[in-house]
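Visitor: Return atomic coordinates for the entry below.
(one chain, ligands or ions: 2)
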Amino acid sequence: MDYDQRALLLELEPTVGALYDRHARVAQEWFPHDFIPYRLGRDFDREPWTPDQPRLTGVAQVAFEVGLLTEDNLPSYHRLIHGMFGNGDGAWLSWIGRWTAEEGRHAIVLRDYLTVTRNIDPVLLEHGRMHQLSNGYDRPTTDTLHGLAYVAFQELATRIAHRNTGRYSEDPVADKIMLRIAADENLHALFYRDAMTAALAIQPSQAVIAIVEEVLGFDMPGAGIPGYLRKAAQLARAGIFDLRIHHDEVLMPVLNQWRIFELDGLSPAAEEARTKLATYLVDLDASARRFEERRAANLARNQESSAAND
Ligand SMILES: [Fe+2]
Ligand SMILES: [Fe+2]
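Guide: Ligands and ions are numbered 1, 2, ... in the order given. Sure, this is the predicted structure:
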């Protein structure tokens, strides 16, 4: 990228300080132990886990597994976030620490919940965690503008996926946990979104190019989980996270907030990127519509055949 990363971080620092203060004012302290039904706990040495024990089944289990293994990979995210923003002073470093500490709570509450309720095989979860952390998670670049763009979208996407996972589980305990985590992810998304708004004012063309590249190459951080494509397809069919949500609830609100299509005076390269983005969004909307139609048709067919079998 054609800009001085450290100069940008330093110029953004007062804004980041103000955003950190806003975050600290509105973020509510919470404790994982308050959310766990410990009365359900039994010793695993005396009563090992068996597949008939979970109350959650099928897609709900998959959604929790993906959610937890995604959160588990925090050491990699911390390394990347530090690479993207750690060259800034003061407020940037305070944010990195605070954000990391808050994210750590998500894996704690999810694993405690899943272990105490026996809703997922704890050995499978531990094997998954070992796999995730041993492979780590990486990105092609730790460029600051690319990083800001990615995390603004990713935190919002994670918020929605967690929220819908809780709802889909039809378990009030799980729903409350996911609502609580989603509230954190929402504040993270707002922080990064607003930091990027400030960056757009300083480096509009470079920021637009970074945003477009991140939209076009977007993948959820859980993409390294074994069987991820199959699992993501299951989550999409269940409406927990699909192309429609990605287009309507993640990309468009953030891009509109940044007024991407209203910015003036961009470089030719940024103009070109913006044109690419417009085409991409039209195509994505069309793919989302096709997926919804297919899903609705499959549902209707399944309902017909189950009615015929009754
Ligand atoms: Fe999280
Ligand atoms: Fe987050």
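
Visitor: which element is the residue nearest to I225 when sequence neighbours are not counted on?
Guide: Excluding the flanking residues, the one nearest I225 by CB to CB, 6 or more residues apart in numbering is L69, at 5.1 Å. Quick note: C-beta positions are derived from backbone N, CA and C, even for glycine. L69 belongs to helix 58-72 when assigned by DSSP states H and E.

Visitor: mind saving the C-alpha coords of that helix as CSV?
Guide: What follows is helix 58-72 as a C-alpha-only set of coordinates in CSV (Å, rounded to 0.1, in the frame of the first residue of the first chain):
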residue,chain,number,x,y,z
GLY,A,58,-27.6,-31.3,14.4
VAL,A,59,-27.0,-27.8,13.1
ALA,A,60,-27.3,-26.2,16.5
GLN,A,61,-24.3,-28.4,17.6
VAL,A,62,-22.4,-27.4,14.4
ALA,A,63,-23.1,-23.7,15.0
PHE,A,64,-21.7,-23.9,18.6
GLU,A,65,-18.7,-25.9,17.5
VAL,A,66,-17.9,-23.4,14.8
GLY,A,67,-18.5,-20.5,17.2
LEU,A,68,-16.2,-21.9,19.9
LEU,A,69,-13.4,-23.0,17.6
THR,A,70,-13.5,-19.6,16.0
GLU,A,71,-13.2,-17.9,19.4
ASP,A,72,-10.5,-20.4,20.5
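
Visitor: after it, next one along is what?
Guide: Going down the chain from helix 58-72, the next helix or strand is helix 74-85, by DSSP H and E.

Visitor: Buried residues of that next one, list them for me.
Guide: Within helix 74-85, the residues that count as buried by 16 or more other CB atoms under 10 Å are L74, S76, Y77, H78, L80, I81, H82, M84, F85.

Visitor: Can I get those in JSON lines including distance to F35 and pLDDT?
Guide: Rendered in JSON lines, the data for these read as follows (distance: CB to CB, whole Å; pLDDT from 0 to 100):
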{"residue": "L74", "distance to F35": "19", "pLDDT": "97"}
{"residue": "S76", "distance to F35": "26", "pLDDT": "97"}
{"residue": "Y77", "distance to F35": "22", "pLDDT": "97"}
{"residue": "H78", "distance to F35": "24", "pLDDT": "97"}
{"residue": "L80", "distance to F35": "28", "pLDDT": "96"}
{"residue": "I81", "distance to F35": "26", "pLDDT": "96"}
{"residue": "H82", "distance to F35": "29", "pLDDT": "95"}
{"residue": "M84", "distance to F35": "31", "pLDDT": "95"}
{"residue": "F85", "distance to F35": "30", "pLDDT": "95"}
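
Visitor: Put together CSV for those, with distance to ligand 1 on each row.
Guide: As requested, those are exported to CSV (distance: CB to the ion, whole Å):
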residue, distance to ligand 1
L74, 8
S76, 13
Y77, 9
H78, 12
L80, 14
I81, 12
H82, 17
M84, 17
F85, 17
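
Visitor: Give me the pLDDT value at the most centrally placed residue in the chain.
Guide: By CA atoms, centre = their mean, the chain has its centre lying nearest to T158, at 2.5 Å. According to the prediction, T158 has pLDDT 97.

Visitor: just the one 4 residues further on next, same as before
Guide: Here the pLDDT value assigned to H162 is 97.

Visitor: Can you tell me the element it falls in?
Guide: Following DSSP H and E, one finds H162 within helix 144-169.

Visitor: and the angle for that helix with helix 74-85?
Guide: Helix 144-169 and helix 74-85 are oriented at 150 degrees to each other (axes from the mean of the first three to the mean of the last three CA atoms, to 10 degrees).

Visitor: helix or strand right after helix 144-169?
Guide: Remark: after helix 144-169, the chain's next helix or strand is helix 172-202, criterion DSSP H and E.

Visitor: List the buried residues for that following helix?
Guide: By neighbour count with 16+ other CB under 10 Å, helix 172-202 contains the buried residues 173-175, 177-178, 180-200.

Visitor: what packs against it?
Guide: If you count contacts as 3 or more CB pairs under 8 Å, 6 or more residues apart in numbering; DSSP states H and E, helix 172-202 packs onto helix 5-26, helix 58-72, helix 91-117, helix 144-169, helix 204-216, helix 252-257.

Visitor: change it to 7 Å
Guide: In terms of contacts (3 or more CB pairs under 7 Å, 6 or more residues apart in numbering; DSSP states H and E), helix 172-202 is packed against helix 5-26, helix 91-117, helix 144-169, helix 204-216.

Visitor: thought S169 was touching L56?
Guide: Yes. Taking CB atoms under 7 Å as the definition, S169 is a contact partner of L56 at 5.8 Å.

Visitor: quick revisit: could you dump the buried residues of helix 74-85 into JSON lines with distance to E249 added?
Guide: Below are the buried residues of helix 74-85 laid out as JSON lines (distance: CB to CB, whole Å):
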{"residue": "L74", "distance to E249": "24"}
{"residue": "S76", "distance to E249": "26"}
{"residue": "Y77", "distance to E249": "22"}
{"residue": "H78", "distance to E249": "27"}
{"residue": "L80", "distance to E249": "24"}
{"residue": "I81", "distance to E249": "24"}
{"residue": "H82", "distance to E249": "29"}
{"residue": "M84", "distance to E249": "24"}
{"residue": "F85", "distance to E249": "26"}
